[in-house]
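Student: 3D model of this:
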Amino acid sequence: FRWGYYGYDSEVDIYDISDKAAPKKLRSFCQNGELVSSRAIGNKLYLVTNFTLGDLSGLTEDNIANFVPRYSNGDKIDEPVAFERISVVPECGTPVYAVATVLDVTNGDAPPATESVLGSGQTVYASLENLYLAGSRYQQILQTETTASTSAATVVGSSSYTDILRFSLADGGIKYSGIASVEGTVINQFALDEWGGNLRLAVTAANPHNFNATETRLYILGGDMRKLGEINNLAPGEQIQSVRFTGEKGYVVTFLQKDPLFTFDLSDPANPKVTGQLKIPGFSSYMHPLSSGYMLGIGPDGDDSGRIYGLKLSLFDVTDPFDPKEKFKFSIGDSNTYTTGLYDHREITYDTKTGILALPTEIYTYSGYFTDDIFNSTLSFYGVYLFKIDLQTGITPICRLTCALPRTENTAKLAVPGYGLIDRSTFIGDCWFAFSSAHAISVNVKTLTRVDSIVLDKTYFESAGAKAYKGFTEKNGVVPLFTPDAADIPYTD
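Tutor: Numbering: from 1, shown residues only. Presented below is the predicted three-dimensional model:
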């Protein structure tokens, strides 16, 4: 996005790359607002932004067009969204518009369709039929004390709500089609799911007078956005860590001291049921569906006392929803070890054909104590783990790809965390293609050898000295690759 006259603008450029040597721009589009998210369905791109109004003191009936979202499409610059395509929702307490647009990515001449609602959101979920925008709202609870001469209101609590705006995607367009509000907040897009024309969502709800007194709730909303069924008072005192819906089943992980994985039967929307529960140390911050009846969980490891440390991969067997099991697990590192994939699931790559998982990881190991209770940990690995996920044999590490720069006079042993780390990757045939801000690399996952690499930011490698930069550009170079250390060759232990 960029800063425009009315604040943040979000811009889309669409290219025809059928001729790789000569990409051709098909269209440019820009709309008011900071980017929330986007979705691609078929040949359509759906763009969602939040447009915040500034000073409203100058608003009049004559200049109201200056206070609505605007967009530009190619040569048509700075057009206001048509008034008939702007809606206002109840309980809108902030001057923020949600702006949703659909673009045809194959036809640069096709006009965009833009819809706007005075009422924003932070979480986007889309099915093939509808796009949902969920936003948190907090409402104060007031207690009024009245005397013979005065009346005063005191804030005695606060309730949290999730407002869900629905946009219909019928006939390739986009149109605001309803709103619902439920008590509680969603953790991310996986907490919402549409099935059979109904919307399911899981939330963490807090006691209005004590935000530490939490519970998990699951709601099912019908096609009219009214409540069909719900489950309340689940996991008191805990907060949702991850959610996944698959067909008529639902899975929710909460955490306080141990990881309760709850399984749900949602086959009857008016009567959802908790079917099973599994309590284990640690918790899964991300769950990825595998084949029918199995789920991969990724998140912090822990012990029975509730202490959190390291990372853990869990292979859950949920074929019996009444008796979920952690069939296999694999632990990585000590305190401070983490993966950025817990905060952005797009950084986790799983190939369904080969069962290979790529997980960006920063591994810390214990190096002593600060005090009797606090461990001192040192960064020992910075790169990507590749695992083989097998329902029968479990979770097996294949190798590690280091993103560390070699030791030179100009650098420490490891690169600065967060920059050279792989944050997007994909599998094509026998190769794994990985990308960071500094480089791109391809690796043959059968032979565990690097095929090729490209430098995207030369200065990143030059900072390690000319030898490191030369090493990366050569096919059998040093940075980054599978290092000759035993730990970074295919695992044998």
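Student: List the buried residues in stretch 294-310.
Tutor: 294-302, 309-310 (16 or more other C-beta atoms under 10 Å). Placement of C-beta: from N, CA and C, glycine included.
Student: and residue 188, how many neighbours does it have?
Tutor: Around residue 188 sit 18 other residues, with neighbours defined as other C-beta atoms under 10 Å.
Student: Show me the strands in the stretch 51-200 of the chain, by range?
Tutor: 70-73, 76-80, 86-88, 96-104, 113-118, 123-126, 130-146, 151-168, 175-183, 192-195, 198-207 (DSSP state E, counting those that start in this stretch).
Student: Put together CSV for those, with mean neighbour count, distance to residue 321 and mean pLDDT on each row.
Tutor: As requested, these are exported to CSV (neighbours: other C-beta atoms under 10 Å; distance: least, C-beta to C-beta, whole Å; pLDDT from 0 to 100):
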stretch, mean neighbour count, distance to residue 321, mean pLDDT
strand 70-73, 21, 47, 90
strand 76-80, 12, 51, 77
strand 86-88, 15, 40, 91
strand 96-104, 24, 36, 95
strand 113-118, 23, 38, 94
strand 123-126, 21, 23, 97
strand 130-146, 16, 26, 81
strand 151-168, 16, 26, 81
strand 175-183, 18, 24, 95
strand 192-195, 21, 16, 97
strand 198-207, 22, 15, 93
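Student: Can you say which of those is nearest to residue 450?
Tutor: Residue 450 lies closest, by C-beta to C-beta, to one member of the strands of the stretch 51-200 of the chain: strand 123-126, at 36.4 Å.
Student: Can I get the closest one as CSV, trimmed to CA atoms?
Tutor: Backbone C-alpha positions of strand 123-126 (Å, rounded to 0.1, in the frame of the first residue of the first chain) are rendered in CSV as follows:
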residue,chain,number,x,y,z
THR,A,123,-9.8,-10.9,9.6
VAL,A,124,-10.9,-12.1,6.2
TYR,A,125,-12.3,-15.6,5.5
ALA,A,126,-13.7,-16.5,2.0
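Student: My guess is residue 174 contacts residue 98. True?
Tutor: No - using C-beta atoms under 8 Å, residue 174 is not in contact with residue 98, being 11.5 Å away.
Student: who's the closest residue to residue 120 other than its chain neighbours bridged to?
Tutor: Nearest residue to residue 120, sequence neighbours excluded (C-beta to C-beta, 6 or more residues apart in numbering): residue 96, at 3.9 Å. Following DSSP bridges, residue 96 is listed with bridge partners residue 52.
Student: How much space separates residue 96 from residue 167?
Tutor: Distance from residue 96 to residue 167, counting by C-beta to C-beta, to the nearest Å: 16 Å.
Student: Name the next helix or strand following the helix-or-strand element of the chain with minimal mean pLDDT along the chain.
Tutor: Scoring the helices and strands of the chain by mean pLDDT, DSSP states H and E places strand 2-4 at the bottom, with a mean of 41. Next along the chain after strand 2-4, taking DSSP states H and E as the criterion, comes strand 7-16.
Student: can you give me the offset of that next one from its chain's centre?
Tutor: Relative to its chain's centre, strand 7-16 lies at 21 Å (C-alpha atoms, centre = their mean, to the nearest Å).
Student: hang on, the earlier thing: so, if you compare the buried residues of stretch 294-310, which one comes nearest to residue 450?
Tutor: The shortest approach to residue 450 among the buried residues of stretch 294-310 belongs to residue 298, at 25.5 Å (C-beta to C-beta).
Student: nearest residue to that closest one other than its sequence neighbours?
Tutor: Distances taken as C-beta to C-beta, 6+ apart put residue 286 closest to residue 298, at 4.8 Å, once the chain neighbours are dropped.
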